[in-house]
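# Pasted the sequence and its predicted model underneath.
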Amino acid sequence: MQGFSIKEETNTGSRIQAIGSFLVFSIRRFYWGTVNFLAVKMLTADRARLRTRLSALCVALLTAAPLYGQSDLTPTSQGTVSYGARTVAVQDTSDLQMQTPYLGGVPTGIASSTPLELSLEDAVTRGLRQNLGGLLSTDAVSGAHGERWQALSALLPNLTTGTSFGVRQVDLKATIGINIPVPGVPRVIGPFGVFDTRGYLDQSVFNWESIERARSSAAQVKSAQYSYKNARELIVLVVVSNYLLVIADQSQVESALAQRDTAKVLFDQTTDQKKAGLAAAVDVLRSDVELQAREQRLIVARNNLAKQKLVLARAIGLPAGQTFDITTEVSYQPLTTSTLDEALQQAYASRPDYKSLTEQVRSAELQKKAASAERYPTLSAVADYGSIGDNFASNHGTVNAAAELRLPIFQGGRVHGDNLVADSLLARARQQLEDLHARIDQDVRDAFLDLQANSQEVSVEKNAVRLAAETLQQSRDRFSSGVTDNIEVVQAQQSLADANDAYIGSLYSYNVAKISLARAIGFAESNYSLYLKGQ
C-alpha cells in the first residue's frame, strides 16, 4: 500500500512535469511566433514608409527654395518612420507627390530587356537631365526671360506698318461746316479712291517707371537662374539619397538571405539531432518556425528593393519597365569637414537659394521705385512716313513727326495702390530672406550634429553586429554540444538580424548626412562624390 502510494505520487509528479514542460513549450512557441509575426509586420510597414523618408527630406529643403514663381509649400500632417534607431518625420505620400516635382521625371527612350548597369554618376547625370523639378526650373528661367523682354518692350522702339485702299465720299457741310454754296465746288465730293501705305514709329525717350521695371525684371532673371541651380542641388540630393536607399535595400536582401540560410542550417542540424535521439521534436518545430519567419522577411526585403528601384527609376527618367543593376558601392568613409563657422560662411556665399532670394529682394526694391516713378513725367517721340494718293499709280510721300510730353496729375489713386502693393511685396521678400538666413544656419548645424551622431552610431552598430555574430556562434556550439536547446540559438539569430538591420540603417543615415551637409553648404552638385568618399 505504501509502495503503491509512492508509485502513484511518482507518476503524478511525472505527469505534472510533462504538463509543465508542454505549457512552457507552448508559451515559448506562442511568444516566438508572435515576435516573428510582429517583426515581419513592423518591417513591412516601416520599409513601405521608409521609401518616403527621402521625399520628406526633400520637402523640408524645398520649403527654403521653391521653384521660381512658386509660393512656399503648405504644411501637412506628419507621422513617424523608424529605421534602426532613427526616427524622422514624414508626410503622406500623396501629399509629397503633389507638392514637389523632384520625385518625378520625364521618361526618355525605349525600355530594353537587358538590365542597365547604373552607376551613381550615371544616375545623377540622368537625374539632372530628366528630373521633373529640373525641367520645370528650366521652363521657369525661360519664362523669366520672356517677362524681361516684355518689360524692355516699353523702352525699345515699336515700329509697325499699314496699307489701305478704299473709296470715300465727303459731305462738306457735315465734315467742315460749309453751308454757303461755293461756285465750282459741289456740296458732296466723291466718291473717290484713297490709297495709303506708311510706317509708324513710337519710341520712349524718357520713362523712369519703365526703366525701373526693366531693371527689376533683370533681377528676376538672375533669381530664376539661381533657382535653377538650386533645383540641380536638390536633384542631386534626391538621386543620391535614392541610390543610397537602393544600396541599403540590397544590403537588407543580402542580410535576410544570410539569415534564411543560417536558419536553414539550424533546421537541418536540429532535424539530424532528432533522428539521432539528441533533440526533442519541439526543437525541430521551433527551428522550422524560425526558418519560415526568415523566408517571409526575405520576401519582404526583395519586394522593398524592387519598389525602391522603381522610385529611383522614376526620379531619373528611365523608360517605364526598364530594369537596372546598381554598380557603385558606397562603404563607410569618415568625412573630414571644415569648422562650423567656415561651413556657415561657405553656405551664405554659395547657396543658390540664398542668392535667388537676394535677387528677389532687389527686384522688389526696384518694383517699389517703379511704382513711385509713376508720378514722374514721360517723354516719347512718334513719327510716321508713307505714301498716299487716289490709286496705286498716283500717290506721293507724306511724313508726320512729334514729341509728346505727358504730365500725370491725378490717376484715380492707382499710384497709391501700386505703392502699397510694392511695399507689401518688398516686406515679404525681406522677411523670407531673413528666414532663409536663419534656416541655413539651422541646416548647417543640423547636418553637423547628424554627421557626428551617425558616425558614432555606425561605430556602435558595427560593434553590435560583431558581438551578435559571436553570440550566435557560441549558441550554436552550445546547442551542438547538447548543453542547451535551440531557443538560445533562435534568440541569438534574432539579435544578429536586428543588429544587421540597425547597422545598415546607420550606414545609410551617415551617408545621407554627408549629402545633406553638402546640400546645406551648397556643394551637392559639385562635390557629392567627394563627400561620400570622405574627402
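Received the coordinates, thanks.
# Which positions in stretch 486-501 come out as buried?
Neighbour counts over stretch 486-501 (16 or more other Cβ atoms under 10 Å) mark 486-497, 499-501 as buried. Placement of C-beta: from N, CA and C, glycine included.
# actually stretch 335-352, sorry about that
Buried residues in stretch 335-352 (16+ other Cβ under 10 Å): 335, 337, 343, 344, 346, 347, 348, 351, 352.
# I'd assumed residue 520 was in contact with the fifth one.
Think residue 346. No - the criterion here is Cβ atoms under 8 Å, and residue 346 misses it with residue 520 at 9.6 Å.
# quick one, phi/psi of residue 485?
phi -90, psi -180 (degrees, to the nearest 10).
# Now it: closest residue in space that isn't a chain neighbour?
The shortest distance from residue 485 to any residue that is not its chain neighbour, by Cβ to Cβ, 6 or more residues apart in numbering, is 5.6 Å, and that residue is residue 283.
# just how off-centre is the helix or strand containing that neighbour within its chain?
Residue 283 belongs to helix 281-315 when elements are defined using DSSP states H and E. Relative to the centre of its chain, helix 281-315 is centred 29 Å away, using Cα atoms, centre = their mean, to the nearest Å.
# what does stretch 191-209 give?
Average the C-alpha atoms of stretch 191-209, do the same for its chain, and the two points are 52 Å apart (Cα atoms, centre = their mean).
# Offset the numbering so it begins at 26, please.
New numbering, starting at 26: the last item is stretch 216-234.
# Return that stretch as CSV; C-alpha atoms alone will do.
Provided in CSV are the C-alpha atoms of stretch 216-234 (Å, rounded to 0.1, in the frame of the first residue of the first chain):
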residue,chain,number,x,y,z
PRO,A,216,-16.9,109.1,-104.5
PHE,A,217,-13.1,108.9,-104.9
GLY,A,218,-10.4,106.4,-104.2
VAL,A,219,-7.7,106.7,-101.4
PHE,A,220,-4.5,104.6,-101.3
ASP,A,221,-2.3,104.9,-98.2
THR,A,222,0.8,102.9,-97.1
ARG,A,223,3.1,104.0,-94.3
GLY,A,224,5.2,103.0,-91.3
TYR,A,225,4.7,104.2,-87.7
LEU,A,226,7.4,104.6,-85.1
ASP,A,227,6.9,105.0,-81.4
GLN,A,228,9.9,105.5,-79.2
SER,A,229,10.1,106.2,-75.5
VAL,A,230,12.6,109.0,-74.8
PHE,A,231,12.3,109.2,-71.0
ASN,A,232,10.1,106.9,-68.8
TRP,A,233,11.7,106.2,-65.4
GLU,A,234,8.9,103.8,-64.4
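# how many neighbours does residue 297 have?
Taking other Cβ atoms under 10 Å as the criterion, the count of residues near residue 297 is 12.
# what comes up buried for stretch 153-173?
For stretch 153-173, burial by neighbour count (16+ other Cβ under 10 Å) applies to 153, 155-162, 165-166, 169, 172-173.
# From these, pick the one nearest residue 277.
residue 156 (25.9 Å; Cβ to Cβ).
# Surely the closest one touches residue 340?
Yes - the pair residue 156 and residue 340 qualifies as a contact (Cβ under 8 Å) at a distance of 6.1 Å.
# intersection of neighbour lists for these two?
Contact with both residue 156 and residue 340 is made by residues 127, 129, 130, 263, 264, according to Cβ atoms under 8 Å, 6 or more residues apart in numbering.
# can you give me the helices in the protein?
Taking DSSP state H to define them, one finds helices in the chain at 27-75, 78-87, 118-124, 145-155, 157-177, 197-201, 233-300, 306-340, 365-375, 377-397, 439-505, 512-546, 549-557.
# any idea how far residue 256 is from residue 127?
Look at residue 256 and residue 127: by Cβ to Cβ, to the nearest Å, they are 8 Å apart.
# overlap in contacts of these two?
Common neighbours of residue 256 and residue 127, using Cβ under 8 Å, 6+ apart, are residue 158.
# tell me the pLDDT at residue 318?
At residue 318 the predicted local distance difference test score is 90.
# Residue 226 touches residue 183, doesn't it?
Yes - taking Cβ under 8 Å as the contact criterion, residue 226 and residue 183 are neighbours in contact, 7.4 Å apart.
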